[in-house]
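# Return a 3D structure for these sequence lines:
(2 chains)
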2 protein chains.
Amino acid sequence: MEDRYSSLLSSSEDGAPKKRFSEVQKERREQAQRTVLIHCPNKISEKKFLKYLSQHGSINNHFFYESFGLYAVVEFSQKESVASLQKVTRTPSLGTEAAIPFRSRYFNLKLKTPLNQTSEQSSIQCRNQSSPSSKKLFELLCCAESVDDQLNTLLREFQLTEENTKLRYLTCSLIEDVAAAYFPDCTVRPFGSSVNSFGKLGCDLDMFLDLDEIEKFGTHKASGNFLMEFQVKNVPSERIATQKILSVIGECLEHFGPGCVGVQKILNARCPLVRFSHQASGFQCDLTANNRIALKSSELLYIYGALDSRVRALVFSIRCWARAHSLTSSIPGAWITNFSLTVMVIFFLQRRSPPILPTLDYLKTLADAEDKCLIEGHNCTFVRDFNRIKPSGNAETLELLLKEFFEYFGNFAFNKNSINIRQGREQNKPESSPLHIQNPFETSLNISKNVSQSQLQKFIDLARESAWILHQEDKDRLSPSNNQPWGLAALLLPSVANSMSLAKKKKKTSSERIKNLLESIKSSSTENSTATNG
Amino acid sequence: MEDRYSSLLSSSEDGAPKKRFSEVQKERREQAQRTVLIHCPNKISEKKFLKYLSQHGSINNHFFYESFGLYAVVEFSQKESVASLQKVTRTPSLGTEAAIPFRSRYFNLKLKTPLNQTSEQSSIQCRNQSSPSSKKLFELLCCAESVDDQLNTLLREFQLTEENTKLRYLTCSLIEDVAAAYFPDCTVRPFGSSVNSFGKLGCDLDMFLDLDEIEKFGTHKASGNFLMEFQVKNVPSERIATQKILSVIGECLEHFGPGCVGVQKILNARCPLVRFSHQASGFQCDLTANNRIALKSSELLYIYGALDSRVRALVFSIRCWARAHSLTSSIPGAWITNFSLTVMVIFFLQRRSPPILPTLDYLKTLADAEDKCLIEGHNCTFVRDFNRIKPSGNAETLELLLKEFFEYFGNFAFNKNSINIRQGREQNKPESSPLHIQNPFETSLNISKNVSQSQLQKFIDLARESAWILHQEDKDRLSPSNNQPWGLAALLLPSVANSMSLAKKKKKTSSERIKNLLESIKSSSTENSTATNG
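Numbers count the residues shown, from 1 in each chain, chains lettered A, B, ... in the order given. Modelled structure (predicted):
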């Protein structure tokens, strides 16, 4: 387990101080820059492989994984080793085909003569880069000892591994090399689920091209009457500049970028992007430009995820539950997004008594001068040092929180109230979207504007049903049986209420009946849990 | 005159050894790499400007010229000075517009406060970058002392200046920076008229992207059983690779390349190319890829041009004559090209007795092991060291050569013979094109395949008429009068025969009559000239 992402993130649990988001980003990026990606023959001796590469310098870290073939990620101690390796690497001669002679950090290792099958049989251990199948997940959940154990198991199985995180930073770094050819001081930064600690194995890799560092160059010395500027192409707006830059980088990725396939330029979107598949790493990548607010949102989630160990376990389970019931989707539409679900969990945890998570406004009051952050006129300031945030005194179990989450949102007055993690309390909806969740930084925006009334209703119905299932189990005190899904596993099964509601549309569904049943059960059960945890 | 291109090329005349083509190319390229291009305010103090730039290192050389505004080309002694200047240079803030933050060696100098008009009046001397107007040329030719003087005057006025040559290499170097972003070891080499010593001011800038150096990298150390290659994109052919590379570089030039406008991708041509206009230098540029044979042709012309001082003077005059009569054109079509005309002059000079220029086969016999050159299966070997070529014993005047050139081609059996500078004698035409000039290296090709019968006839008619005009002058012994065009100037006037032939098409033109007249005159005049020059 030592190689898990959690080892870095939840290091507070073993006493080490938690690292700031910016520190992690910087460290990972620097690691990635001295890392290479190597496509290996299927049969290879790990020992000889490492010896061969060690000619170019000592190796800090390496691992193998399988994608379309066998790949190795090798992190050297020194950046110079990469240049040394590149120096003895040639562009392949392809016979009838021709090669675009691009010199990247993505290599192809060949054997002059195939390995002797018997003497040097490959015994390479590959690191898994994908989340478990539904079948495997069910087995694991059913074998768990408690609902709390179920939620932690799900987290453990779905969260990004240390290796997968390295591979994500490496992929960004390889794309940065392509962009840096023209914009030498640019940075390609991962954001969103790859870095906010809420990403699951297999999630898309969101990255953005940060050109802001470039602007900071050329601080003028007062040289008499002269002012030297680069001659540049001018375009009518920042948006057009972004579109042009992404367009050309898209061309480069398509024509030169080794392993970059299916390049799509989606330049007329609100946030222009280039989508492509990085074949070797298996990541679906979205490259945008100057997406600083999104990066700040990632940092905020990272902090919330690290403040209390229950947060990520609950978020992963809720997301998994939502996906199992098609409340979320990988294609854009009227569905709730993972980000909205995460904000809903955070809001719910802010509403507990005592609160498990602080409000964003409170995090802002803890900020010092260095934390100050203003992006495009939006105040994105909050404390970034974990040590200044007092841990919660709330000791509720994950089981209780899961149940209460479903009850809370099963009964939430979505028709008149907005969810707001900045203030940690319900607010009057400023507009008529069915679901209103305030964007934490661009506060006039609703992050779930896309959600339709029917999708919201489906969410409410499923939340009520899930609360009911958990209450029933509680009531029946079913002892976990081997074959019968229970607890979280039961919640992931196809919904009865939902299939019913599909069958008899427009009819008053079972949802209202369940709600009433819950009301009656609630009083006693809440007393019980308060008694247990108080 | 010390700043003229001729100073470098014809250095043998003042005793210094002539430089090899490759030496000149290397030296110029290296110069260009430590050179910057600066767009200046219209009013500027040259002294303060140089003092300001000297902060970054000593300046070898500089000059100003006018294009769309005032420009300076500044050559530092050290490459590091360029980096130092870039370091204090900022990307402009454009108010409502946005900039593509590309950091090149093309700068924009601004004044913090405008210069005081009276005290620091600009007295900057600009170097001319264009050839003289027809009017100016006529004046100069009419003032000349002899036909020989006329030809040399025309050469002096039309040939590339030292500054214009520097600007051409600088432009290639700036484009190389764009390409080198992705192909670090590439070279963008000028070829054709910019370097073959036959280019005139204002001619297009042909350049090619040379990726061959890249291939030479990665000479493998035998490292056990391993062979490391770059992971690259594979395409079905070299041609497609070239198209893709040029396509992306075209996109980069269009979107990022400062001063590059009107970018056209002509990728389906036999030799795929990107055409664009480099605004600051005023050059129309054609960028191709891996055009090594063309570069070798340039080198061959460079050698022929340098072997005897009469060659370039004659070629420039013939080209100017052809252009004046619309025998050549800047648009592709059935016209004769400048390259064909040059080869015709070379062939003519090989046919003199004694020859003024050696055959290509003879230059091949002088080659040593290092001169060996095989490109795409074609033997492009010839001697590159001038010292091994014996100067011609022929002392004919330019006046005579001009006259004889017109006579020679006025009577050439184009219908059955091919022009062949490899063997220096007429050959039977291997195919039926009206004009057949063997490609010196790709010997199965005809460099004038495009020329139509009517264009060839026009050339023959004009050659005969020009020969006749020169003979008439000779006969009449007209003393040069101030207002009457004479000698070369008379040849550049609109053709009488030609306008007649246009008026009475299909009729037997005056051309045949002139030919017969010439025949009768010839015997005596040839005797005369032989007597004079023998």
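# got any ranges where the stretch 51-200 of chain A has weak pLDDT?
In the predicted model, the stretch 51-200 of chain A carries pLDDT under 70 at residues A:94-96, A:115-122.
# Quick check: residues of it near chain B?
Selection of the stretch 51-200 of chain A residues close to chain B by CB under 8 Å from any CB of the partner chain yields A:52, A:55, A:85-92, A:94, A:96-104, A:106-113, A:115, A:178, A:181-184. Any C-beta I mention is one placed from the backbone N, CA and C, and that applies to glycine too.
# Just the buried ones out of these, please.
Buried members of those, counted by 16 or more other CB atoms under 10 Å in any protein chain shown: A:52, A:85-86, A:88-92, A:98-104, A:106-109, A:115, A:178, A:181-183.
# The most centrally placed residue in chain A - nearest residue in space that isn't next to it in sequence?
By CA atoms, centre = their mean, chain A has its centre lying nearest to residue A:193, at 1.3 Å. Leaving aside its chain neighbours, residue A:193 sits nearest to residue A:199 (3.2 Å; criterion: CB to CB, 6 or more residues apart in numbering or on different chains).
# ok, which stretches of the stretch 301-450 of chain A are helices?
All helices of the stretch 301-450 of chain A, identified by DSSP state H, counting those that start in this stretch, fall at A:309-324, A:338-350, A:360-365, A:398-410.
# Mind putting the ones you listed into TSV with distance to residue B:406, mean neighbour count and mean pLDDT?
TSV is the format used below for these (distance: least, CB to CB, whole Å; neighbours: other CB atoms under 10 Å in any protein chain shown; pLDDT from 0 to 100):
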stretch	distance to residue B:406	mean neighbour count	mean pLDDT
helix A:309-324	86	22	96
helix A:338-350	82	23	97
helix A:360-365	89	17	96
helix A:398-410	97	22	96
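# could I get the ones you listed as TSV with distance to chain B?
Output for the helices of the stretch 301-450 of chain A, formatted as TSV (distance: least, CB to the nearest CB, whole Å):
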stretch	distance to chain B
helix A:309-324	34
helix A:338-350	29
helix A:360-365	30
helix A:398-410	43
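# residue contacts, the residue nearest to residue A:193?
For residue A:199, the contact set (CB atoms under 8 Å, 6 or more residues apart in numbering or on different chains) comprises A:159, A:160, A:192, A:193.
# quick one: which two of the residues you listed are the most distant?
A:159 and A:192 (14.7 Å; CB to CB).
# looking at the helices of the stretch 301-450 of chain A, which is closest to residue B:131?
Among those, helix A:338-350 comes nearest to residue B:131, with 65.1 Å by CB to CB.
# Off-centre distance for that closest one?
Computed by CA atoms, centre = their mean, to the nearest Å, the separation of helix A:338-350 from the middle of its chain amounts to 14 Å.
# Strands - which of the residues of the stretch 51-200 of chain A next to chain B land there?
The members of these that map onto strands under DSSP state E are A:98, A:99, A:106, A:107, A:108, A:109, A:110, A:111.
# of all those, which comes closest to residue B:334?
Taking CB to CB as the measure, residue B:334 sits nearest to residue A:98 out of these, at 34.2 Å.
# Name the nearest residue to the closest one, ignoring sequence neighbours.
Excluding its sequence neighbours, the residue lying closest to residue A:98 (CB to CB, 6+ apart) is residue B:241, at 4.0 Å.
# how many neighbours does that neighbour have?
Per other CB atoms under 10 Å in any protein chain shown, the neighbour tally for residue B:241 reads 24.
# That one contacts residue A:91, correct?
No. Using CB atoms under 8 Å, residue B:241 makes no contact with residue A:91, being 11.0 Å away.
# intersection of neighbour lists for the two?
residue A:99.
# quick one: the helices in the stretch 151-300 of chain A?
Under DSSP H, counting those that start in this stretch, the stretch 151-300 of chain A gives helices at A:162-180, A:212-215, A:238-255, A:292-307.
# per-residue confidence averaged over the second one?
Pointing back at helix A:212-215 there. Averaging pLDDT along helix A:212-215 yields 60.
# Could you do the third one as well?
The predicted model gives helix A:238-255 an average pLDDT of 90.
# Could you check how many residues crowd around whatever residue of the stretch 351-500 of chain A ends up closest to chain B?
Relative to chain B, the nearest point of the stretch 351-500 of chain A is residue A:376 (14.2 Å; CB to the nearest CB). Neighbour count for residue A:376, taken as other CB under 10 Å: 10.
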